[in-house]
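# A predicted structure for the sequence below; I have some questions about it.
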Amino acid sequence: MALASALLQVMMDAVRKTARPMLRDFGEVSNLQVSRKGPGDFVTAADIKAEQTLFELLTKARPGYGFLGEERGMVEGTDKSHTWIVDPIDGTTNFMHAMPHFAITVALERKHPDGTAEIVAGVTYNPVMNEMFWAEKGKGCYLNDGRIRVAGRKDLSESLIATGLPFIGKTGHAQAIKDIHAVGQRVAGIRRLGSAALDFAWVAAGRYDAYYERNLNPWDVAAGVLFVTEAGGVVTTIDQDGDPAKGAQILAANPDIHTALRKVLQGG
């Protein structure tokens, strides 16, 4: 049985406490108060409430840490070397439609004296399935109490790939369709389930062989980058240069198919 560190216990406790009222809201999804944040992108009352709960719990546990959330943006802390990166509900559209595929995701970024930064811990929790994915740098990746690893398939044609599609009003539709057309001819299947955080976690668990997407945000990818690398996978940008942790574009895969899939996405 895996034992999580005190830091990870703080993170797990925060997401579990946040999940309790969220599950009640999920059970009464038709009664949720919903406001438009942009075309095709919604913020539910549960989303806002969840981020507030996470902010309060994490700030209490680690006073001074910064906080970057999808809803409130950046909140500077007195400790400039640590920042929580949070998405209170990744898969909001699924949540709104009573689809049990969404997650709470929290990562901790640590900045070094030379100005570089890295994700040192992350958790992603699907409360409906009661699946807690977690990792700490250098210590492996876990699902609940068991260690997980990326799949070992070597042939791209046998691989199951995950991706995302831009919602209404967001740029990138043409490129996304082009990517699907190119990749779809070379793999066993493509899935688009609507939660980037869980796509990463499922690559780490070997359920998917790879995941790619463009136009992401740091809170979409922070925990997931750590999961996949700690599970033995490779995470890069789709193009040759760039920091995958920034979220602009991402390719996470098992090592044996990473190069082949990257070549396809680059137009090769």
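Sure thing, it's come through.
# drop to CA atoms for contacts and neighbour counts, all remaining ones
Fine.
# Could you list the buried residues of the longest helix that the chain contains?
Within the chain, and with DSSP state H defining each element, the longest helix by residue count is helix 6-27. Using 16 or more other Cα atoms under 10 Å as the test for burial, helix 6-27 gives Leu8, Met11, Met12, Ala14, Val15, Arg16, Thr18, Ala19, Met22, Asp25, Phe26.
# That one - what's its average pLDDT?
Averaged over helix 6-27, pLDDT sits at 94.
# Could you pull out the strands in the stretch 101-250 of the chain for me?
For the stretch 101-250 of the chain, the strands defined by DSSP state E, counting those that start in this stretch cover 103-111, 117-126, 131-136, 141-143, 146-148, 160-163, 189-191, 210-214, 234-236, 249-253.
# want to throw those into CSV with distance to Ala197 and mean pLDDT?
Shown next, in CSV, are the strands of the stretch 101-250 of the chain (distance: least, Cα to Cα, whole Å; pLDDT from 0 to 100):
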stretch, distance to Ala197, mean pLDDT
strand 103-111, 7, 97
strand 117-126, 7, 97
strand 131-136, 10, 98
strand 141-143, 14, 98
strand 146-148, 16, 97
strand 160-163, 11, 98
strand 189-191, 14, 98
strand 210-214, 11, 96
strand 234-236, 14, 96
strand 249-253, 12, 92
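# can you redo those strands as CSV with distance to Glu51?
Formatted as CSV, the strands of the stretch 101-250 of the chain follow (distance: least, Cα to Cα, whole Å):
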stretch, distance to Glu51
strand 103-111, 9
strand 117-126, 14
strand 131-136, 18
strand 141-143, 23
strand 146-148, 28
strand 160-163, 25
strand 189-191, 28
strand 210-214, 24
strand 234-236, 27
strand 249-253, 25
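# Switch these over to a markdown table; also include distance to Gly73 and mean neighbour count.
Shown next, in a markdown table, are the strands of the stretch 101-250 of the chain (distance: least, Cα to Cα, whole Å; neighbours: other Cα atoms under 10 Å):
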| stretch | distance to Gly73 | mean neighbour count |
| --- | --- | --- |
| strand 103-111 | 14 | 25 |
| strand 117-126 | 18 | 23 |
| strand 131-136 | 24 | 24 |
| strand 141-143 | 28 | 25 |
| strand 146-148 | 32 | 18 |
| strand 160-163 | 25 | 23 |
| strand 189-191 | 30 | 15 |
| strand 210-214 | 21 | 25 |
| strand 234-236 | 25 | 22 |
| strand 249-253 | 20 | 26 |
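# Show me which of the buried residues of helix 6-27 is closest to Glu136.
Leu8 (7.7 Å; Cα to Cα).
# Show the contacting residues for the closest one.
Ala121, Gly122, Val123, Trp134, Glu136 (Cα atoms under 8 Å, 6 or more residues apart in numbering).
# okay but the third one is in contact with Met12, surely?
Yes. Under the criterion of Cα atoms under 8 Å, Val123 makes contact with Met12 at 6.8 Å.
# Against Arg110, how distant is the spatially most central residue of the chain?
Nearest to the mean C-alpha position of the chain, by Cα atoms, centre = their mean, lies Ala197 at 2.2 Å. Distance, Ala197 to Arg110, by Cα to Cα, to the nearest Å: 20 Å.
# ok, now Phe167?
Counting by Cα to Cα, the gap from Phe167 to Arg110 is 31 Å.
# I'm done for today, thanks for sticking with me.
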